[in-house]
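S.K.: Using only what follows, build the 3D model:
(one chain, ligands or ions: 2)
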Amino acid sequence: MNTEIIKITDLSAQDADLSRAADVIRAGGLVAFPTETVYGLGGNATDDGAAKKIYAAKGRPSDNPLIIHIANPDDADRYAVVNDTYRRLAKAFMPGPLTVILPRREIIPRSVTGGLDSVAVRCPSHPAAHRLIELSGVPIAAPSANLSGKPSPTCAEHVIQDLTGRVDMILDGGDCEIGLESTIVKVDGEDEITLLRPGGITYDALCMAVGKVTISPAVTRALAENERPLSPGMKYRHYAPSAPVVLLSGAPEAVLAFLVDEQESRRCAILCYNEETVRLKSNRLFPVGARDDLAAQAQTLFRALRSADRTDAEIIYAHLPPQSGLGLALYNRMIRAAAHTVRELS
Ligand code: TXA
Ligand code: MG
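M.R.: Ligands and ions are numbered 1, 2, ... in the order given. Purely as a prediction, here's the structure:
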């Protein structure tokens, strides 16, 4: 398949390009597009055939459901059964990096929802994503636009690496603002939700909009063999480079001293804080942002993991993120990339 790449430099002057992309979606084809979180691999969410193509292009197991993307929060009602809790979340956080799981309406085929009777709904704030959905006139089913098992793409080059020849079109909108996938919540009842995947909308922010927010155990720890995850995606080992990732925790000085030693004695890649680059001199060093700048770390993390994976490193070290604020999203992605391997240093 020939993949057309369209650069978006001035969205307001590119409606013809976006219309062509929308035509591809309506005709059952696949378009990768930027969002404020990560790039999505989009197809018509009401078309069973398009959903099958998405799973095939990504190499994704077909029991791992897709998120449907809508242009306006009110449109959710056409595809899912909404309630007041949804409306409150939508008012507070949409458009934006929040996905809400609701009971599915028949118009969304089971192939999109991995056989489930629920459907994940998200209204992205990225202007190109918004325009694409609007012009398509259908909801767009879109997982992250990476090959299954690779880190989510945060710029068009990542999508080009993974999906050239597998999709009809790639819209290049530059770097994603947030860099981690959306926060996913499941509505349990009136004023009650469960946080399934932390992201740009933090736990604290959710608590301001909804009375009871439960954090699913799978967010912070490995599930036991007999535990069933609330979200099928949580059972897959995601975001994992081929070299093992080890997370380091402990006093900053102790961690830095360990890294200084390790870089002398073995081929390690290091995802470090910017402040540490004066002491770490390896050519497999990937600064992810200042220690206190969680937003910068979120933006850089997946790019750094991809870069580290392309080195000849036998092991990848990174810091164990805090679990507060945006840190919880970083923590969740990192412990999975590391298959829960944490080394305590003192
Ligand atoms: O930011 C994002 O959410 C990006 C952009 C493209 O919007 N999309 C994304 O999609 O990250 P994906 O497919 O990589 O992750 C979606 C996650 C999966 O873990 C899936 O299992 C879960 O959402 N999910 C989708 N529908 C679900 C449902 N009905 N019930 C439970 N989990 C669901
Ligand atoms: Mg994904």
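S.K.: Could you use CA atoms for every contact and neighbour count after this?
M.R.: Noted.
S.K.: buried residues in stretch 218-227?
M.R.: Burial within stretch 218-227, assessed by neighbour count using 16 or more other Cα atoms under 10 Å, is assigned to Ala218, Val219, Thr220.
S.K.: Just say helix, strand or coil for the residue nearest the centre of the chain.
M.R.: Within the chain, one residue has its C-alpha closest to the average C-alpha position: by Cα atoms, centre = their mean, that is Glu181, at 2.4 Å. Three states are possible here, and by DSSP: H, G, I helix; E, B strand; the rest coil the one that applies to Glu181 is coil.
S.K.: Isn't it up against Thr35?
M.R.: No. No contact is recorded between Glu181 and Thr35 when judged using Cα atoms under 8 Å, the distance being 9.5 Å.
S.K.: Gly199 is in contact with Ala182, correct?
M.R.: Just so we're on the same page, residue 182 is Ser rather than Ala. Yes. With contact defined as Cα under 8 Å, Ser182 and Gly199 form a contacting pair (4.9 Å).
S.K.: So these two - more neighbours on which side?
M.R.: Taking Ser182 and Gly199 together and counting by other Cα atoms under 10 Å, Gly199 has the greater number of neighbours (28 against 24).
S.K.: where do the contact lists of Glu181 and Thr35 overlap?
M.R.: Overlap between the neighbourhoods of Glu181 and Thr35 is empty, taking contacts as Cα atoms under 8 Å, 6 or more residues apart in numbering.
S.K.: thinking again about what came up before, and the buried residues of stretch 218-227, which is closest to Glu134?
M.R.: Compare each of the buried residues of stretch 218-227 with Glu134 using Cα to Cα and the shortest gap goes to Val219, at 32.8 Å.
S.K.: any idea how far the closest one is from Ile184?
M.R.: Computed with Cα to Cα, to the nearest Å, the distance linking Val219 and Ile184 is 11 Å.
S.K.: Residues in contact with both of these two, list them for me.
M.R.: Residues touching both Val219 and Ile184 comprise Leu196, Arg197, Pro198, with contact defined as Cα under 8 Å, 6+ apart.
S.K.: Across the sheet, point out what pairs with Asp33.
M.R.: Rather than Asp, residue 33 is Phe. Here Phe33 shows beta-bridge partners Gly40, assigned using DSSP bridges.
S.K.: Residue numbers of the stretch 151-300 of the chain in contact with ligand 1?
M.R.: Applying the criterion Cα under 6 Å from any ligand atom, the portion of the stretch 151-300 of the chain that neighbours ligand 1 consists of Glu181, Ser182, Leu230, Ser231, Pro232, Gly233, Met234.
S.K.: Name the member of those with the most neighbours.
M.R.: Counting neighbours by other Cα under 10 Å, Glu181 leads those with 27 neighbours.
S.K.: who touches stretch 294-303?
M.R.: The list of residues contacting stretch 294-303 from outside it, by Cα under 8 Å, 6+ apart, reads 151-154, 176-180, 288-290, 326-327, 330.
S.K.: if we go to 6 Å?
M.R.: Applying Cα atoms under 6 Å, 6 or more residues apart in numbering, the set of residues contacting stretch 294-303 from outside is Pro151, Ile178, Gly179, Leu180, Val288, Gly289.
S.K.: what about that stretch, average pLDDT?
M.R.: Averaging pLDDT along stretch 294-303 gives 98.
S.K.: any chance you could map the strands in the stretch 151-300 of the chain?
M.R.: Counting by DSSP state E, counting those that start in this stretch, the stretch 151-300 of the chain forms strands over residues 169-172, 183-189, 192-197, 212-215, 245-250, 268-272, 285-287, given from the N-terminal end onward.
S.K.: TSV for the ones you listed, including mean pLDDT, distance to Gly114 and mean neighbour count?
M.R.: As requested, the strands of the stretch 151-300 of the chain are arranged in TSV below (pLDDT from 0 to 100; distance: least, Cα to Cα, whole Å; neighbours: other Cα atoms under 10 Å):
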stretch	mean pLDDT	distance to Gly114	mean neighbour count
strand 169-172	98	24	24
strand 183-189	96	16	21
strand 192-197	98	17	22
strand 212-215	98	23	17
strand 245-250	97	30	21
strand 268-272	97	35	26
strand 285-287	98	36	21
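S.K.: Turn these into JSON lines, columns for distance to Pro61.
M.R.: Rendered in JSON lines, the data for those read as follows (distance: least, Cα to Cα, whole Å):
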{"stretch": "strand 169-172", "distance to Pro61": "22"}
{"stretch": "strand 183-189", "distance to Pro61": "20"}
{"stretch": "strand 192-197", "distance to Pro61": "19"}
{"stretch": "strand 212-215", "distance to Pro61": "25"}
{"stretch": "strand 245-250", "distance to Pro61": "24"}
{"stretch": "strand 268-272", "distance to Pro61": "30"}
{"stretch": "strand 285-287", "distance to Pro61": "31"}
